[in-house]
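**Student:** Would you be able to build a 3D model of this:
(one chain, ligands or ions: 1)
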Amino acid sequence: MMKDLAGIYPALPTPMLANGDIHYSSLRNLVDFEMAQGVDGLYIGGSTAESFLLTEDERKKVTETVLHQAAGKVKVIVHVGAGGTDAAVRLSQHARSNGADAISSVPPIYFKYTNEEIIAYYLDLIELSDMPLVVYNIPAFTGVNMTQGPIRELFKHPRVVALKHTNTNMYELERVLAHTPSLLALNGYDEAFLSGLSMGAKGMIGSTVNFMARKFIALRDAFHGGRNDEAFRLQGEVNEIVETMVEVGVFNAVKYAMTLRGVDCGACRAPFKPLTDASKTKLRQVLEKNLGESLRAD
Ligand code: MN9
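**Tutor:** Numbering: from 1, shown residues only. Now for the predicted structure:
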């Protein structure tokens, strides 16, 4: 049965060893850590996971590891975007055979495709894997905006169950939901979570959820409880942290914050550059001031 995908999901990073290999025991610890924080689900293999810097085999092994460790206790969405249809279909079928709840994908990247080609890409994923699909809209990275113009007709397909709205344009979020009331929206920029909720998002998928899920859960509960001042204050604390993370490089910053919270994540693969000591100090300071959770020595 199709699960209700509403909720708060960390976009898991891919823990790595000093030599760049995937650190699978840390990945298992990460899954346990997230479930203990009370998240509703896990999002595997997205931007935060450096998915475009991993091999297809690595992506499959990460999916298998996470699904096995989660053991059906939380929802799991697997991002399968891989540049082209064939690889994305293989990853979708693999996600299905390993028990994922849904697949997700950015539109096919690099080449300029027509709207028809992009829609056909998504329909191939749905039809060849028979999985519910979460469209990952992130126009700043892909150059394609899925919530604008005729392409948003895709959301009317019954197997397109959700939108990951990684865009600060909240007018488009409200409009796409108004045109397709059955669609579920999950907010994609953590710094805009409160505005996403106010325009109809029923949860979020985010990189900074990994190390501060409790803040996002409290923010959502404050919003739904009508405690607007509290929700706004929590969003402000989140944004103090996000501002520094984006400044030093968000994906390495997320890995470092998780390492400080006790799950070794290492650094991102090249061409990402590791954090400098000055960036680490700055991050630790902003986390100590705003996070309200204990941090370990580096
Ligand atoms: O998965 C993330 N998107 C990207 C969602 O990084 C592209 C967000 O969580 C951002 O990292 C975060 C900082 O901008 O909102």
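
**Student:** so what's the closest residue to Val80 other than its chain neighbours up against?
**Tutor:** Leaving aside its sequence neighbours, Val80 sits nearest to Leu91 (C-beta to C-beta, 6 or more residues apart in numbering; 3.8 Å). C-beta: built from backbone N, CA, C; applies to glycine. Counting by C-beta atoms under 8 Å, 6 or more residues apart in numbering, Leu91 makes contact with 45, 56, 59-60, 63, 78, 80, 82, 103.

**Student:** Name the residue of the stretch 51-200 of the chain with the shortest distance to the ligand.
**Tutor:** Asp190 (3.7 Å; C-beta to the nearest ligand atom).

**Student:** ok, and the closest non-adjacent residue to that residue?
**Tutor:** Using C-beta to C-beta, 6+ apart, the nearest residue to Asp190 is Gly206, at 4.0 Å.

**Student:** and what of Asn145?
**Tutor:** Pro139 is the one closest to Asn145 (C-beta to C-beta, 6+ apart), at 4.2 Å.

**Student:** Report how many residues lie close to the one you found.
**Tutor:** Pro139 has 17 neighbours, counted by other C-beta atoms under 10 Å.

**Student:** His165 is in contact with that one, correct?
**Tutor:** No - using C-beta atoms under 8 Å, Pro139 makes no contact with His165, being 10.3 Å away.

**Student:** Around the ligand, which positions in the stretch 51-200 of the chain sit nearby?
**Tutor:** Near the ligand, the residues belonging to the stretch 51-200 of the chain are 138, 166, 188-191 when assessed by C-beta under 6 Å from any ligand atom.

**Student:** would you list those residues in TSV and tack on neighbour count and pLDDT?
**Tutor:** Below are these laid out as TSV (neighbours: other C-beta atoms under 10 Å; pLDDT from 0 to 100):
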residue	neighbour count	pLDDT
Ile138	21	97
Thr166	24	98
Gly188	26	98
Tyr189	19	98
Asp190	26	98
Glu191	18	98
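
**Student:** In contact with Lys156: list those residues for me.
**Tutor:** Thr180.

**Student:** Name the helix or strand for Leu163, please.
**Tutor:** strand 160-165 (DSSP states H and E).

**Student:** Pull out the buried positions in that strand.
**Tutor:** 160-165 (16 or more other C-beta atoms under 10 Å).

**Student:** got it, and stretch 212-224?
**Tutor:** Across stretch 212-224, burial judged by 16+ other C-beta under 10 Å covers 212-220, 222-223.

**Student:** From the contacts of Leu91, list just the buried residues.
**Tutor:** Among the contacts of Leu91, those scoring as buried are 45, 59-60, 63, 78, 80, 82, 103 (criterion: 16+ other C-beta under 10 Å).

**Student:** now the strands for the stretch 151-298 of the chain?
**Tutor:** Counting by DSSP state E, counting those that start in this stretch, the stretch 151-298 of the chain has these strands, from start to end: 160-165, 184-187, 203-206.

**Student:** what number of residues lie near Gly38?
**Tutor:** With other C-beta under 10 Å as criterion, Gly38 counts 11.

**Student:** now swap in Met131 and tell me
**Tutor:** 24.

**Student:** Am I right that it falls within a helix?
**Tutor:** No - counting by DSSP: H, G, I helix; E, B strand; the rest coil, Met131 is not found in a helix; it is coil.

**Student:** Leaving out the residues flanking it, which one is nearest to it?
**Tutor:** Ile103 (4.6 Å).
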